[in-house]
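[1] Whatever this is, show me its structure:
(2 chains)
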Number of protein chains: 2
Amino acid sequence: MLGAQPRTRRPLASQDVRPVVTKTAVNGHNPSPADIHVLLAPVKPGLRRVEEKMKAVDSALFAPLATAFVDLIGRGGKRLRPALALMTAELTGPLAGTPAYTRALSLAASVEMLHTATLVHDDVIDDALLRRGAPTLNADWSKGSTVIAGNYMFGRAAQFSAETGNMRVIRLFSDTLDIIVNGELHQLLARDAFHQEKERYYQRIYAKTASLFCAATEGAAVLAEMREHDIRSLRDFGYNFGMAFQIVDDILDFTGNEQTLGKPAGGDLRQGTLTLPFFYYLNEHPEPARLIAEMEEKIDLRDQGDDGYWDDTVRDVVAAVRAGRAIQDAQEEARYFLDLARRSLGEMPPSVYKTSMLGLCDFVVQRTY
Amino acid sequence: MLGAQPRTRRPLASQDVRPVVTKTAVNGHNPSPADIHVLLAPVKPGLRRVEEKMKAVDSALFAPLATAFVDLIGRGGKRLRPALALMTAELTGPLAGTPAYTRALSLAASVEMLHTATLVHDDVIDDALLRRGAPTLNADWSKGSTVIAGNYMFGRAAQFSAETGNMRVIRLFSDTLDIIVNGELHQLLARDAFHQEKERYYQRIYAKTASLFCAATEGAAVLAEMREHDIRSLRDFGYNFGMAFQIVDDILDFTGNEQTLGKPAGGDLRQGTLTLPFFYYLNEHPEPARLIAEMEEKIDLRDQGDDGYWDDTVRDVVAAVRAGRAIQDAQEEARYFLDLARRSLGEMPPSVYKTSMLGLCDFVVQRTY
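    Predicted coordinates:
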């Protein structure tokens, strides 16, 4: 349930945000893809094993779809969730080769498989909402097979979670699944609702993103048998890292372009989903109530079949958000969360893993993809 | 994985089937709905608690959809899976009021919630295949909300499973989820494939139905801390009961009518899914290869947009299956499985629960809905 989030967040006004100056932020260095490889290097062998676990489908049974699945799983992104799980597991001492490390690999695979499952189902959910199809496997039965493919991944994720053999981690996994799905429901219900408390946004991105980062780091801390105090700190790290990660994702949806995003900017807004830059833009807009009324009018026209006005509105709002302070305010807020994340690691002994986790905090706010 | 099924079943020829004469079968008594209530009476208080658990959605969070969910869950069928779990749990001695009973309630809720989740997703899967919609919640976002509703139920099922606190039961749950989803994939792939080994049919109904009955009875036996030998027997009961249950379901799809089924007869065949009565009909058909060739031709026409020939073919085949021995052969096979199920209970001490489980075996083969 959403109520399970670590704290009730009050909406942050920009004056609350304490800018965090890090080394990389100071020199304005924009990390190349190589940097993320360097950051992930300490857990590369582990990530390879996670990938192998995820791809181990029974090919005898699965022949006709095995390739599609393995391809889908192989196309995964940066693997930040399993990477953070594996890094966390080693924060208080080396684990590699121990049974606890094997369990951490299961947790990492579980978390990433769950993430992949939700992405797969998102295709069906968004498609149905938008009434426009982008067939994924086969135009004839894309929806059916996509639903089943996602379910298959849920099932595998549950199996990996059970493999940890740790009741607390298993409960964490099933609670997280519940939080994520609740969040999807709320996102669905919140669409096209422009009179929306900003607090809802934080609840949504906690459910959608931060909850799974929490599960990765808290779960790994549990498996590494850390003290309760440290488990709590690692949960906080996952929470704050995940919140920042999603805020940056939402910023990129405004600032990116078709080349970096693989889709036109403003996709969230086009779907009627409000994100942080828009909430900040409302603050600086002279007549926010009027803006919302206008948008509602255009959404009504869209629903009557006339997409043109809505597309124009989205384009105008995206341009206005980019032109003002909203993006900067949202970035500052992401930095605020990352500052909290860094502090959560304060008591951890120095290690390559800690260094990488701190480095990933820098990466998140500077990433452009 | 499908390989986890209890035994490799060889296809049963009708001469293998030893007709089982039970008291109710002898007097030809067709149980009324009242009989099933009598059979379920010993676990009625438990089933009420299972229902309450399933319906306990956080209404504060869920307001707009809570009613739809509770309605969906409330519309559930005969609750045979949780009933068998609760009966099994009490077979070797009274459990009610103990922590083990509380765990059995969680298992029962988990199994029924998983069953409901797969039914909910079936709507999307079938709809996508048939390209004809029957909106479930809202015509605008039925597919999206249906997928999420199913996922919500998967999440709740995983939570209930975790609530048992028993690692073996949790593994059983996630393995069963995996088997079910694998089965869905295979069913999808097997559609419109008329050159099909009968063995595939047994694999499919194990995955689709018997596996979850196994999980209910085996899981309950584990929670009741039975001896390994008895756990094995209870798993066998669930397997054989579930196989019979699905065979009877597949028979009813041929023999039922719009009033009893809520849909026209021959629905499986219309979707290109082959079931036991059809396989038996192939045996008695003078030219099975020619029949299959004809059906393939009509399916091709259907795929080119001409449904009429296929509808006629399905109607003709359904009539032919009903006219011959196929239905009777399939019924005998269901009785054979039920005989095995009854024998699995042979060593259990007498109790109202055992009597009900034996009675449910009679109910299954005689049910008309």
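
[2] Low-confidence stretches in chain A?
    A:1-34, A:58-66, A:68, A:75-76, A:126-142, A:261-262, A:368-369 (pLDDT under 70).

[3] what's the offset of the longest helix anywhere in it from the middle of its chain?
    Within chain A, and with DSSP state H defining each element, the longest helix by residue count is helix A:99-130. Centre-to-centre, helix A:99-130 and its host chain are 11 Å apart (Cα atoms, centre = their mean, to the nearest Å).

[4] for it, which positions count as buried?
    A:100-118, A:120-125, A:127-129 (16 or more other Cβ atoms under 10 Å in any protein chain shown). Where you see a C-beta, it was placed from the backbone N, CA and C, and this is true even at glycine.

[5] Return the list of helices and strands in contact with it.
    When contacts are defined as 3 or more Cβ pairs under 8 Å, 6 or more residues apart in numbering or on different chains; DSSP states H and E, helix A:99-130 sits against helix A:44-55, helix A:59-74, helix A:80-89, helix A:142-163, helix A:167-190, helix A:211-223, helix B:142-163.

[6] Can I get the shortest one in CSV, CA atoms only?
    I take that to be helix A:80-89. What follows is helix A:80-89, C-alpha atoms only, in CSV (Å, rounded to 0.1, in the frame of the first residue of the first chain):
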residue,chain,number,x,y,z
LEU,A,80,20.8,0.3,-11.7
ARG,A,81,18.5,-1.7,-9.4
PRO,A,82,20.4,-4.9,-9.4
ALA,A,83,23.7,-3.0,-9.3
LEU,A,84,22.6,-1.1,-6.2
ALA,A,85,21.5,-4.3,-4.6
LEU,A,86,24.9,-6.0,-5.2
MET,A,87,26.8,-2.9,-4.1
THR,A,88,24.8,-2.6,-0.9
ALA,A,89,25.3,-6.3,-0.2
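
[7] neighbouring contacts of that helix?
    By Cβ atoms under 8 Å, 6 or more residues apart in numbering or on different chains, the list of residues contacting helix A:80-89 from outside reads A:40, A:42-43, A:46-47, A:50, A:95, A:100-101, A:104-105, A:107-109, A:111-112, A:115, A:212-213, A:216-217, A:219-221, A:223-224, A:234, A:237-238, A:241, A:245, A:353-354, A:356-357, A:360.

[8] go on, stretch A:241-252?
    A:80, A:84, A:202, A:205-206, A:208-214, A:217, A:260-261, A:268, A:275-277, A:327, A:330-331, A:333-335, A:337-338, A:341, A:360-361, A:364-365, A:367-369.

[9] at 7 Å instead, please
    Contact with stretch A:241-252 is made by A:205-206, A:208-210, A:213-214, A:261, A:268, A:275-277, A:327, A:330-331, A:333-334, A:337-338, A:341, A:361, A:364-365, A:367, as judged by Cβ atoms under 7 Å, 6 or more residues apart in numbering or on different chains.

[10] same thing with stretch A:302-310?
    Under Cβ under 7 Å, 6+ apart, the answer for stretch A:302-310 is A:298, A:299, A:301.

[11] For the stretch 201-350 of chain A, just list every one of the helices.
    Residue ranges of the helices in the stretch 201-350 of chain A, as given by DSSP state H, counting those that start in this stretch, are A:211-223, A:228-255, A:258-261, A:267-270, A:276-284, A:288-303, A:307-323, A:326-344.

[12] related to what we said a few turns ago, now tabulate the helices and strands packed on helix A:99-130 in JSON lines and tack on distance to residue A:252.
    Output for the helices and strands packed on helix A:99-130, formatted as JSON lines (distance: least, Cβ to Cβ, whole Å):
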{"stretch": "helix A:44-55", "distance to residue A:252": "24"}
{"stretch": "helix A:59-74", "distance to residue A:252": "23"}
{"stretch": "helix A:80-89", "distance to residue A:252": "15"}
{"stretch": "helix A:142-163", "distance to residue A:252": "25"}
{"stretch": "helix A:167-190", "distance to residue A:252": "18"}
{"stretch": "helix A:211-223", "distance to residue A:252": "17"}
{"stretch": "helix B:142-163", "distance to residue A:252": "24"}
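
[13] okay, those in CSV with mean neighbour count next?
    Shown next, in CSV, are those (neighbours: other Cβ atoms under 10 Å in any protein chain shown):
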stretch, mean neighbour count
helix A:44-55, 18
helix A:59-74, 15
helix A:80-89, 29
helix A:142-163, 25
helix A:167-190, 22
helix A:211-223, 28
helix B:142-163, 25
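
[14] which stretch among those comes nearest residue B:286?
    helix A:59-74 (33.0 Å; Cβ to Cβ).

[15] Excluding sequence neighbours, find me the nearest residue to residue A:207.
    residue A:183 (2.4 Å; Cβ to Cβ, 6 or more residues apart in numbering or on different chains).

[16] That neighbour and residue A:205 touch, don't they?
    No. Assessed by Cβ atoms under 7 Å, residue A:183 is found out of contact with residue A:205, at 8.4 Å.

[17] Point to the residue nearest the middle of chain A.
    Per Cα atoms, centre = their mean, the C-alpha nearest to the average position across chain A is that of residue A:209, at 3.6 Å.

[18] Next, the contact list for it, please.
    A:242, A:245, A:246.

[19] What distance do you get for residue A:353 to residue A:86?
    The spacing between residue A:353 and residue A:86, counted by Cβ to Cβ, to the nearest Å, is 8 Å.

[20] what do you get for residue A:44?
    With the distance defined as Cβ to Cβ, residue A:44 ends up 10 Å from residue A:86.

[21] Next: residue A:242.
    With Cβ to Cβ as the criterion, residue A:242 and residue A:86 are 16 Å apart.

[22] swap in residue A:267?
    From residue A:267 over to residue A:86 the distance is 31 Å, taken as Cβ to Cβ.

[23] Check the gap between the closest residue to residue A:179 other than its chain neighbours and chain B for me.
    Spatial nearest neighbour of residue A:179, chain neighbours left out: residue A:211 (4.5 Å); criterion: Cβ to Cβ, 6+ apart. As judged by Cβ to the nearest Cβ, to the nearest Å, residue A:211 and chain B stand 12 Å apart.

[24] can you check residue A:285 too?
    From residue A:285 to chain B the distance is 29 Å (Cβ to the nearest Cβ).

[25] Please apply the same query to residue A:331.
    Plainly put, residue A:331 is 30 Å away from chain B if you go by Cβ to the nearest Cβ.

[26] Contact partners for that residue?
    A:251, A:365.

[27] Count the residues that sit near whatever residue of the stretch 201-350 of chain A ends up closest to chain B.
    Closest to chain B within the stretch 201-350 of chain A is residue A:303: 8.5 Å, counting by Cβ to the nearest Cβ. Counted with other Cβ atoms under 10 Å in any protein chain shown, residues neighbouring residue A:303 total 12.

[28] ok, now residue A:197?
    So residue A:197, with other Cβ under 10 Å, has 10 neighbours.

[29] repeat for residue A:313
    Count around residue A:313 with other Cβ under 10 Å applied: 21.

[30] wait, what's in contact with the residue lying closest to it once chain neighbours are set aside?
    Spatial nearest neighbour of residue A:313, chain neighbours left out: residue A:298 (4.4 Å); criterion: Cβ to Cβ, 6+ apart. Residues in contact with residue A:298 (Cβ under 7 Å, 6+ apart) are A:309, A:310, A:313.

[31] Show the backbone phi and psi for residue A:90.
    phi -100, psi 0 (degrees, to the nearest 10).
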